[in-house]
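In: Quick one: sequence plus predicted model below, questions after.
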Amino acid sequence: MLYSPPPMHIPDGFLSVLVSLILWAISIGAIGYALRRVGKDLGERQVPLMGVLAAAIFAGQMLNFSVAGGTSGHLLGATLATILLGPWAAIIIMTTVVGIQALIFQDGGLLALGANIFNMAVVGVSVSYFAYTSIKKIIGEQKWGLLVNGFISAWLSILIASLAAALELAASGTSPANIAVPAMGGIHALIGIGEGLITVGALAFIYAARRDILQIGSTAQTGGAAIWMTGLGIALLLTIFSPLASAHPDGLEWVAEQKGFLDAAQAPLFEVIPDYVFPGVSNESLATILAGMVGALIVFGMAFGTAYARRSQKAS
Amino acid sequence: MHVHFLDPYRHSHSPIHQLDGRVKFVLAVAFILTCSLTPIAAWAVYILLFALILSVEILSTLGVGYVLKRASLALPFVLAALPVIFTTDGAALFTLPLGNWTLTASATGLEHFISIALKSWLSVQAAIVLAAATPFPELLQAMRSVKIPRLLVAMFGLTWRYLFVLVDEALRLIRARAARSGVSASNQKVKEGGGIIWRAHVAGGMAGNLFLRGFERSDRIYTAMLSRGYDGEVRLMPTHALNNGNKFILMTGIALLGTLLLFGILFWG
Amino acid sequence: MHHSIEIDNLSYSYPDGHAALRDISLRIAPGEKVALVGPNGAGKSTLMLHLNGILTGKGSVRVCGLEVEPKNFSRVRACIGLVFQSPDDQLFSPTVFDDVAFGPLYQGLGAEETKARVEAALSAVRMNEYAGRVSHHLSVGEKKRIAIATVLSMNPEALALDEPTAGLDPRARRALIHLLRDLPITMLVSTHDMALVKELFPRTLIMDEGRVVADGLTSEILENEELLNAHGLEKA
């Protein structure tokens, strides 16, 4: 029996190296800042508390419920973690969850991990925090307020995170924005409902059993304003930018070109032997076929070689 | 009840298993980076990269079938790249009438799509071999050696340790739910009874239950840590240096991947 | 010559006002092996948590001659090893080695000395082969033994164990009893396992409703059926 997670995160190969590296840089910055902040909120308990709750989110992701037509709703958990432990701990927890999913279960790539951490831990958490604290100011903290708030925050964080993923794919030239944005956004507007319902169920359970725990996330968050602003900024930027990008599908590539990104990404190396494909062969298609045959021979050679070496090693 | 199936590590004494975890980690990332940097439609390089990872799979004694089966996990995501077939400019291959629209597939677009799918498929194989041939504690060592903060490494260690404990608890909850709703325990989804909102509420309640158990357990773990002198700082055993054999394989691997990449960029870039 | 454990007039109430310990006084000499019995909720686990300052109540607790107070915590915690009931809470590290090395590392020992301590502790519980293993693949009995090794590696003068035989099958229980019998160390063991008490501990304490209601020779206490019945205990 294998644990097969639903593919929620971007695998390797779908993002350009440039996009991957930029998002790695942003994620590393956010994680570093969160690591410094989190100790102030949780103190010495932080390591066991965050470690076990990351495991609980992981386990909670297995508790899916059927929706319709073979699809199922399940928990991603960024909003729940944010409400329970505050944004800094939630960033660390979601980073750990997404990291283990990539490293152990190949749910999401390793090079793409920076982007997946950005989507789930940075976008997911900051949008959750922004939405939750704003709505709390308006409708208060009584039970129904908490539950309605949890639903909206969870739904919004999933939707915005999916828009981020869509734009990352578009910026990588993997999926055109005019298709990726409405498709990802549309699917996740539905997935977000499942996320919202599960989050509400979890909050209701905790509210009934141990209301005191709900205080940890909201008491004295140092630097809460910064992440509130980040959440607002990301939410605004992505909701405005996504329709724009999908109306002008080439826009992102245009931006990339204008910024000189594409030039930077394409090193001048290939000018060394222009219009030259295979040494000594000028016909392009012939050279490609030749290269393919050589490659295939090498594959079989190496495969047989290693298999043979293993067998004779076992026999001896 | 015990969830051994969660741990992807498959024990063996193969040369790949014996390689230092740090070397495997760096080479797997380098392999994935090479796949990503290889130009579109550089078929020969893809084939060589496949030859490389296939040899590693055979050497690892994990079973090529096992790796390829797991590698199909990421396949559904290629749907996201499907539109590039029709949106990339190039020589028309075929047209697909779709109601009022007509989609025109281009050869360049198809090359683009196949390249993305191949890159993804090759990359995920490297990640699978890494996870299946490296015990998790060694992966933690590797994380430390690439300068990931100790607190984060400690988090990964704790999460991984309690993943199994909490998933056991989640499975017990699922089984209890299945027993009450009259659905067989092997089917982990509740198919019958109640509306979607009710079902979501039940699933959410169980998630909340797991969280509470996690909270209480973290208190007990914290007590156990305090009892053994924990002071809030993360302390770990110092790591040992790489031996020459491992260094050699690391250098050879990186040189090989670098050569393949250069080959691809020179001829297809 | 100090006592391993000296408690004078210790009282403790939980934040909700529930009185868990009422005016407890007791002494345990070095090398003594003492059983702590009593119904659930009697305060046995709460008492254990006072031994190394996880909880602090009114009165005085001294361990290895050291007053249990914040400035002594690190020495006290190295001196008395607490082993909790659930080994899954005690074994929180990725490998058995890391878990047994945790205490020595926080005592500030270097890599070589830590390794030596780990080896010694694992061989004391006869689990040398398990250093590289991962905790979740172990049986309950194996986990319990490793949990004891995690505190033995700190070279404690005394051990305090909570329910060491709970959840063990007969063979694992027998192996654990032999292990406890052979460890030359002061021991305070909280348990419901009266057969274990009879076999291993010359002295027994009975706790009920936060008080020590009996303290004497195990042979005498186990014969006093009136006393046992009054506190919900059964003769082994």
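Out: That came through fine.
In: use CA for all of it now, contacts and neighbours both
Out: Will do.
In: how many neighbours does residue 231 have?
Out: Assuming you mean chain A. By other CA atoms under 10 Å in any protein chain shown, the residues close to A:G231 number 23.
In: that's the other chain; I wanted chain B
Out: 13.
In: dump the residue contacts of the residue nearest to it when sequence neighbours are not counted.
Out: Nearest-residue entry for B:D231: A:E44, 7.0 Å, with adjacent residues in sequence omitted and distances by CA to CA, 6 or more residues apart in numbering or on different chains. By CA atoms under 8 Å, 6 or more residues apart in numbering or on different chains, the contact list for A:E44 reads B:D231, B:G232, B:E233.
In: Pull the number of nearby residues for A:I227.
Out: By other CA under 10 Å, the residues close to A:I227 number 20.
In: do C:E69 as well
Out: Going by other CA under 10 Å, the residues that sit close to C:E69 add up to 15.
In: Okay, helices next: where are they in chain A?
Out: Along chain A, the stretches classed as helices by DSSP state H are A:17-42, A:46-60, A:78-85, A:87-105, A:113-117, A:124-139, A:143-171, A:177-209, A:214-218, A:224-247, A:251-258, A:261-265, A:284-315.
In: contact partners of the second one?
Out: Counting by CA under 8 Å, 6+ apart, helix A:46-60 makes contact with A:38-39, A:75-77, A:89, A:92-94, A:96-97, B:151, B:154-160, B:162-163, B:166-167, B:170, B:206-207, B:210-211, B:214-215, B:217-219, B:221-222, all of which sit outside it.
In: Can you get me the centre-to-centre distance for that helix and its chain?
Out: For helix A:46-60, the separation from the chain centroid amounts to 18 Å (computed by CA atoms, centre = their mean, to the nearest Å).
In: Tell me where the model's unsure across the stretch 101-250 of chain A.
Out: Applying pLDDT under 70 to the stretch 101-250 of chain A picks out residues A:217-222, A:246-250.
In: Kindly recompute the last result at 90.
Out: Along the stretch 101-250 of chain A, the parts satisfying pLDDT under 90 run over A:101, A:104-108, A:134, A:136-145, A:170-171, A:173-195, A:210-250.
In: The residue in it positioned nearest to chain C - how many residues pack around it?
Out: Taking CA to the nearest CA, chain C has its nearest neighbour within the stretch 101-250 of chain A at A:D212, 13.3 Å off. The tally of other residues near A:D212 (other CA under 10 Å) stands at 9.
In: Check C:V63 too.
Out: Residues near C:V63, counting by other CA under 10 Å, number 25.
In: for it, what are its contacts?
Out: The contact partners of C:V63, by CA under 8 Å, 6+ apart, come to C:H3, C:S4, C:I5, C:E6, C:L51, C:N52, C:V76, C:C79, C:I80.
In: about what we covered before: dump the helices of chain A to JSON lines, plus distance to C:T204.
Out: Shown next, in JSON lines, are the helices of chain A (distance: least, CA to CA, whole Å):
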{"stretch": "helix A:17-42", "distance to C:T204": "41"}
{"stretch": "helix A:46-60", "distance to C:T204": "35"}
{"stretch": "helix A:78-85", "distance to C:T204": "44"}
{"stretch": "helix A:87-105", "distance to C:T204": "46"}
{"stretch": "helix A:113-117", "distance to C:T204": "56"}
{"stretch": "helix A:124-139", "distance to C:T204": "54"}
{"stretch": "helix A:143-171", "distance to C:T204": "50"}
{"stretch": "helix A:177-209", "distance to C:T204": "38"}
{"stretch": "helix A:214-218", "distance to C:T204": "42"}
{"stretch": "helix A:224-247", "distance to C:T204": "55"}
{"stretch": "helix A:251-258", "distance to C:T204": "77"}
{"stretch": "helix A:261-265", "distance to C:T204": "76"}
{"stretch": "helix A:284-315", "distance to C:T204": "60"}
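In: Now do the residue lying farthest from the centre of chain B, the pLDDT please.
Out: Going by CA atoms, centre = their mean, the residue of chain B most distant from its centre is B:N100, 40.7 Å out. With respect to pLDDT, B:N100 scores 70.
In: With C:T165 instead?
Out: On the pLDDT scale, C:T165 gets 91.
In: Sticking with the nearest residue to it once chain neighbours are set aside, tell me its helix or strand.
Out: Excluding the flanking residues, the one nearest C:T165 by CA to CA, 6+ apart is C:R173, at 5.8 Å. Following DSSP states H and E, one finds C:R173 within helix C:170-182.
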